[in-house]
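Colleague: quick one, structure for this:
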Amino acid sequence: MKLTELKNLLAQHPSKNVRFVLPTGSKLPPHAHVTEVAQIDKRFIDCGGTLRTDSLCRLQTWFQDDTDHRLSAGTLLKILDKSRSVIADDNLEVEIEHEAPFISQFPIQSAEARENSLTFTLGVKHTDCLDQDRCLPPKPKSAFQFPALQPLPALPQTACCGSEK
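Modeller: Predicted structure coming up:
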């Protein structure tokens, strides 16, 4: 989800509490709040030697013993508005950083406005080889092509062991 989409959703539901659901289906505690907004800029060289860059917006969540604390969509929108000095572009993808039990980053997969909450379901990130054409060996071309398999014809229904009941 892009930052601009997130801001639009928050603006549409300012009184709803923000909730996050991890990819495992477990929910962050309702008293979790966003404690940090960051633009993460990454410059790197892939395994094939190509210089690459990537930028994203990361929202870090945190919770403590303050179980009465709730983060509303309107409050999160105000926090994001304050972050304009560090977030250069509203078209950045947003990910949520959470300690579960170790620090992990999760892209926002979907959002749903429910009765009292604006619930964000988080997805998973995967690693990948960015230069597979250079880095990985070519896939061998098979000299023999297997014909497409056809389904077997249905067998007549008979009683077990050929005996009739």
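
Colleague: CA atoms for contacts and neighbours, from now on please.
Modeller: Will do.

Colleague: lowest-pLDDT helix or strand in the chain?
Modeller: helix 132-135 (a mean of 81; mean pLDDT, DSSP states H and E).

Colleague: distance of the residue lying closest to L22 once chain neighbours are set aside from V21?
Modeller: Leaving out its chain neighbours, the residue that sits closest to L22 by Cα to Cα, 6 or more residues apart in numbering is L122, at 5.2 Å. L122 sits 6 Å away from V21, going by Cα to Cα, to the nearest Å.

Colleague: comparing these two, which residue is more hemmed in?
Modeller: Here L122 and V21 are set side by side on neighbour count (other Cα atoms under 10 Å), and the busier one is L122, at 22 against 19.

Colleague: A strand includes K141, no?
Modeller: No - the assignment for K141 (DSSP: H, G, I helix; E, B strand; the rest coil) gives coil, which keeps it out of a strand.

Colleague: hang on, the earlier thing: quick one: the least confident helix or strand of the chain to chain centroid distance?
Modeller: The chain centre lies 26 Å from the centre of helix 132-135; the measure is Cα atoms, centre = their mean, to the nearest Å.

Colleague: contacts for that helix?
Modeller: With contact meaning Cα atoms under 8 Å, 6 or more residues apart in numbering, helix 132-135 is reached by C47, G48, C129.

Colleague: look up how far L59 lies from S104.
Modeller: When S104 is compared with L59 (using Cα to Cα), they lie 11 Å apart.

Colleague: show me whatever sits in contact with both of the two.
Modeller: Residues touching both S104 and L59 (Cα under 8 Å, 6+ apart) are E97.

Colleague: and those two? which has more neighbours close in?
Modeller: More crowded of S104 and L59, by other Cα under 10 Å: L59, with 21 against 14.

Colleague: just checking, that one touches V34?
Modeller: Yes - counting by Cα atoms under 8 Å, L59 does reach V34; the two are 6.2 Å apart.

Colleague: sorry, back to before: quick one, what contacts the residue nearest to L22?
Modeller: By Cα under 8 Å, 6+ apart, the neighbours of L122 are F20, V21, L22, P23, I96, F106, P107, I108, Q109, S110.

Colleague: part of a helix, is K82?
Modeller: Yes - the assignment for K82 by three-state DSSP puts it in a helix.

Colleague: list the buried ones in stretch 89-102?
Modeller: Within stretch 89-102, the residues that qualify as buried are D90, L92, E93, V94, E95, I96, E97, H98, counting by 16 or more other Cα atoms under 10 Å.

Colleague: ranges for the helices of the protein?
Modeller: 3-12, 73-82, 132-135 (DSSP state H).
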